[in-house]
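Trainee: predicted model, plus sequence, below.
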Amino acid sequence: MLKKVLIALVISIPLIIVGIAIYVSEVVFNTDNLCGENLLFESYSPNNDYKVLILERNCGATTDFSTLVTAQIPNSDSKTEIFLADDDHGVTPHGRGRSTRVETEWLAEDSLAIYHHPNARIYFSETKWNDLKIIYLGRVYYKSH
């Protein structure tokens, strides 16, 4: 009987530890659940095939605000992150809100330009999403005092 209890403990304790480790890593390292997003701007392609959102992302007191650009098919809940940048600790001026200034312009039905300050810290920048071509152009914005 004691042997069965010991075997059960030897098997169950590591499983419990692994389960706790997975749970803690999801809570600590999965920042998607911890970040708030504020809509700054939205626009549609000339033929209304695509919708682009510019969002201010706030992940809490220990991180800078960042600017996120997402693309989606209109009337779809699924959006894809195509650009993320921040002001690199105050190096670039802010747009609306407290995140680095980013602007978008439709160049054609399937072509989007994203403008950002040349000194913005860029985390990622996709150049294509579905049939949408995306180009990035530096634009100097001046800080307002």
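Mentor: The structure has been received and is ready for your questions.

Trainee: sketch out the low-pLDDT regions of this protein for me.
Mentor: Counting by pLDDT under 70, the chain shows low-confidence ranges at 21-33, 143-145.

Trainee: and with 80 instead?
Mentor: In the predicted model, the chain carries pLDDT under 80 at residues 1-6, 8-10, 12, 14-34, 141-145.

Trainee: quick one, helices of it?
Mentor: Across the chain, reading from the start of the chain, the helices by DSSP state H fall at 2-29.

Trainee: show me where it has strands.
Mentor: 36-44, 51-58, 66-72, 79-86, 102-108, 111-116, 121-125, 128-129, 132-138 (DSSP state E).

Trainee: hey, which of those strands is tucked in deepest?
Mentor: Here the criterion is mean neighbour count by mean count of other C-beta atoms under 10 Å, and of the strands of the chain the winner is strand 66-72, at a mean of 22. Using the backbone N, CA and C atoms, a C-beta is placed for each residue, glycine as well.

Trainee: out of everything not next to it in sequence, what's closest to residue 107?
Mentor: The spatially closest residue to residue 107, leaving aside those adjacent along the chain, is residue 113, at 5.5 Å (C-beta to C-beta, 6 or more residues apart in numbering).

Trainee: quick check: that neighbour vs residue 74, distance?
Mentor: 20 Å (C-beta to C-beta, to the nearest Å).

Trainee: now swap in residue 86 and tell me
Mentor: If you measure residue 86 against residue 74 using C-beta to C-beta, the figure is 28 Å.

Trainee: I'd say the residue nearest to residue 107 and residue 104 touch.
Mentor: Yes: with contact defined as C-beta atoms under 8 Å, residue 113 and residue 104 form a contacting pair (6.8 Å).

Trainee: hey, what's residue 105 bridged with?
Mentor: Listed beta-bridge partners, residue 105: residue 113 (assigned using DSSP bridges).

Trainee: can you give me every residue that contacts it?
Mentor: Contacts for residue 105 were tallied using C-beta atoms under 8 Å, 6 or more residues apart in numbering; they are 112, 113, 115.
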